[in-house]
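Undergrad: requesting a structural model of the entry that follows:
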Amino acid sequence: MATRKREGCITVEMECASIMAVSQYRKVPLYQYLYTEDNLDSDLWDPRTMGNVPMSEFEKYLRVALEIAIRV
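TA: As a prediction, this is how the structure comes out:
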């Protein structure tokens, strides 16, 4: 982790990265919408809002993502 920080990385994401790799290989357009809930950047896990966000908030996130997709 320290090496990546020294290189300037501020975040790590693995799941969408693998989906993006497949998308690029298959030449299929893909747009990703990410948000964060927890933080792993310390000796102790910081759950932040993980598990405490009401479903209505996720619906708002989905609406924003769909509006962006329409405009792309």
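Undergrad: do a quick rundown of the helices in the chain.
TA: Using DSSP state H, the helices of the chain run over 2-6, 15-26, 55-71.
Undergrad: averaged pLDDT, the longest one. What do you get?
TA: Averaging the model's pLDDT scores along helix 55-71 yields 86.
Undergrad: now the first one
TA: Computed over helix 2-6, the mean pLDDT rounds to 85.
Undergrad: which residues sit against that helix?
TA: V12 (CB atoms under 8 Å, 6 or more residues apart in numbering). Placement of C-beta: from N, CA and C, glycine included.
Undergrad: then that helix to CSV, C-alphas only?
TA: Coordinates of each C-alpha in helix 2-6 appear next as CSV, following Å, rounded to 0.1, in the frame of the first residue of the first chain:
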residue,chain,number,x,y,z
ALA,A,2,2.8,2.4,0.8
THR,A,3,4.4,1.8,-2.6
ARG,A,4,1.2,2.7,-4.4
LYS,A,5,0.7,5.8,-2.2
ARG,A,6,4.2,7.0,-3.1
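Undergrad: would a markdown table of the helices of the chain with mean neighbour count and distance to Q32 be doable?
TA: A markdown table is the format used below for these (neighbours: other CB atoms under 10 Å; distance: least, CB to CB, whole Å):
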| stretch | mean neighbour count | distance to Q32 |
| --- | --- | --- |
| helix 2-6 | 8 | 20 |
| helix 15-26 | 11 | 5 |
| helix 55-71 | 10 | 9 |
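Undergrad: the ones you listed: which one's closest to N39?
TA: helix 2-6 (13.6 Å; CB to CB).
Undergrad: gap between the closest one and the chain center?
TA: What separates the centre of helix 2-6 from the centre of its chain is 20 Å, taken as CA atoms, centre = their mean, to the nearest Å.
Undergrad: next one: stretch 33-44
TA: 10 Å.
Undergrad: one step back: out of the helices of the chain, nearest to Y35?
TA: helix 55-71 (6.1 Å).
Undergrad: model confidence for A21, exactly?
TA: Value for A21, per-residue pLDDT: 92.
Undergrad: same thing with the one 5 residues further on?
TA: We have a pLDDT of 97 for R26.
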